[in-house]
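Asks: no sequence on hand, only this structure:
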Ligand SMILES: Cc1cc2nc3c(=O)[nH]c(=O)nc-3n(C[C@H](O)[C@H](O)[C@H](O)COP(=O)(O)O)c2cc1C
């Protein structure tokens, strides 16, 4: 018997096992924000995968916060479509695997990565790649309007049938960028209290809007690995410094957050940190093992410091043949309660069921080639361009021929 199969109760909610289908945006929703056939196909796989937790991808809380025209966006107008989508996934999971997976919707504002960039402050490092002007800086007045949008999205998520919502702060999107807004004037910059204000206010607004037993969780970028004052959780020399991360987690827990999905780095700037790869757009300045160890260090640090906190561990897909052993180890060393698989889940959606049945096939595992991201960056829909024929052909047509 493996710990991965054990059910667990977190914040009053039962998770059938420790496996998490991580949020993996496909940029493939319809223009009204509803799931397209491609989106549905991915989540049908997730429902059939046997994962106890399906952490659905980035869903914009407002149109201007969408990172691309295919980003998911639940609204009053399209609620019915989401209702049947979520109900179908639950039925499929029950029929195929006999479980009730917990399905969480990730609520986001893309900030700097929105279609029209909406930035917290001028960032000399990020702006090398995507130039902006002062006009792109969001005002305090605008930021004040966001907590109620998060609350409204959370209420819609309940109606749609989601079991929980994620108030997301990671990967350089708006909330995460604000965490390092050391040099921003006004109510959302400078002091720690100001930099965490929007995140905490949004958690509070969501918590106040939903029933007391509704699951509210967060995907948190524990450290950007971008030098201070342009990154959070990091020193001026770009070393890990979790002092403020600890303070933030303490505040999140005081607001009632009991489950955090830990991620590190910014996929637009240092993707090797966020998702260690064998092949990417550049040669990584550190060995993948260094990045993998960083996940364990950060997660274990938080688990040790906050025994009441449950953690989803990230960054596992690189391990290929050793995937399941490393996932078990992550839990047994006390670095996670649940284990997340991102690229691994889209490459080989049935990996967990196959493993349980003694049929795990390492040859089907993610090869960490970064083609899923390359598709995204080429403004295409994204999926596994190695094992899925549709995305393989798309990659050949739209990305490979540009090289
Ligand atoms: C194509 C792609 C899309 C992603 N979309 C999201 C997303 O919508 N939300 C999020 O929090 N993380 C997103 N991620 C990050 C993954 O959830 C995960 O943290 C990362 O891939 C590292 O985990 P892995 O090694 O299991 O792939 C995405 C990653 C990729 C490659």
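Replies: On my side now, so go ahead. The model shown is predicted, which means the values in this text are computed figures rather than measured ones. Numbers count the residues shown, from 1 in each chain.
Asks: is it correct that residue 178 falls within a strand?
Replies: No: assessed with DSSP: H, G, I helix; E, B strand; the rest coil, residue 178 is helix; it does not lie in a strand.
Asks: can you pull the domain assignment for this protein?
Replies: Taking automatic domain parsing as the domain assignment, the ranges for the chain are 3-362, 370-403.
Asks: for the shortest one, buried residues please.
Replies: What that stands for is domain 370-403. 370-376, 380-388, 391-392, 394-395, 398-399 (16 or more other Cβ atoms under 10 Å). Placement of C-beta: from N, CA and C, glycine included.
Asks: what about the strands in the chain?
Replies: Using DSSP state E, the strands of the chain run over 8-10, 13-15, 19-21, 53-60, 102-108, 164-167, 215-223, 259-264, 310-313, 338-341.
Asks: now for these, which one comes closest to the ligand?
Replies: strand 53-60 (3.6 Å; Cβ to the nearest ligand atom).
Asks: would you mind giving the strands of the chain as a markdown table with mean neighbour count, mean pLDDT and distance to residue 329 added?
Replies: A markdown table is the format used below for the strands of the chain (neighbours: other Cβ atoms under 10 Å; pLDDT from 0 to 100; distance: least, Cβ to Cβ, whole Å):
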| stretch | mean neighbour count | mean pLDDT | distance to residue 329 |
| --- | --- | --- | --- |
| strand 8-10 | 15 | 98 | 17 |
| strand 13-15 | 18 | 98 | 19 |
| strand 19-21 | 28 | 98 | 15 |
| strand 53-60 | 26 | 98 | 19 |
| strand 102-108 | 27 | 98 | 23 |
| strand 164-167 | 27 | 98 | 25 |
| strand 215-223 | 26 | 98 | 20 |
| strand 259-264 | 26 | 98 | 16 |
| strand 310-313 | 25 | 98 | 10 |
| strand 338-341 | 28 | 98 | 10 |
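Asks: reformat those as CSV; add distance to the ligand.
Replies: Converted to CSV, these look like this (distance: least, Cβ to the nearest ligand atom, whole Å):
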stretch, distance to the ligand
strand 8-10, 18
strand 13-15, 18
strand 19-21, 9
strand 53-60, 4
strand 102-108, 6
strand 164-167, 8
strand 215-223, 5
strand 259-264, 5
strand 310-313, 9
strand 338-341, 5
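Asks: next, format those as a markdown table and append distance to residue 232.
Replies: A markdown table is the format used below for the strands of the chain (distance: least, Cβ to Cβ, whole Å):
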| stretch | distance to residue 232 |
| --- | --- |
| strand 8-10 | 25 |
| strand 13-15 | 28 |
| strand 19-21 | 23 |
| strand 53-60 | 19 |
| strand 102-108 | 17 |
| strand 164-167 | 16 |
| strand 215-223 | 7 |
| strand 259-264 | 11 |
| strand 310-313 | 18 |
| strand 338-341 | 21 |
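Asks: also within reach of the ligand: list those from the buried residues of domain 370-403.
Replies: 372, 373, 376, 382 (Cβ under 6 Å from any ligand atom).
Asks: hang on, the earlier thing: which of the domains of the chain sits most buried?
Replies: domain 3-362 (a mean of 20; mean count of other Cβ atoms under 10 Å).
Asks: can you give me the end-to-end distance of it?
Replies: 20 Å (Cα to Cα, to the nearest Å).
Asks: how distant is it from the center of its chain?
Replies: How far domain 3-362 lies from its chain's middle: 2 Å, per Cα atoms, centre = their mean, to the nearest Å.
Asks: residues from the stretch 151-300 of the chain in reach of the ligand?
Replies: 170, 219, 263, 274, 275.
Asks: of the residues you listed, which is the nearest to residue 313?
Replies: residue 263 (9.8 Å; Cβ to Cβ).
Asks: that older thread, among the domains of the chain, which gets the worst mean confidence?
Replies: With a mean of 94, domain 370-403 has the lowest mean pLDDT of the domains of the chain.
Asks: roughly how far out does it sit from the chain middle?
Replies: On Cα atoms, centre = their mean, the centre of domain 370-403 falls 21 Å from that of its chain.
Asks: residues in contact with the closest residue to the ligand within the chain?
Replies: Using Cβ to the nearest ligand atom, the closest approach of the chain to the ligand is made by residue 342 at 3.0 Å. Going by Cβ atoms under 8 Å, 6 or more residues apart in numbering, residue 342 touches 22, 23, 24, 275, 314, 317.
Asks: now with 10 Å?
Replies: Taking Cβ atoms under 10 Å, 6 or more residues apart in numbering, we find residue 342 in contact with 20-24, 55, 263, 274-275, 314-317, 366, 372.
Asks: how close does it sit to residue 46?
Replies: 12 Å (Cβ to Cβ, to the nearest Å).
Asks: endpoint to endpoint, stretch 315-326 covers what distance?
Replies: 11 Å.
Asks: number the residues from 43 up from this point.
Replies: With 43 as the first residue, the last one maps to stretch 357-368.
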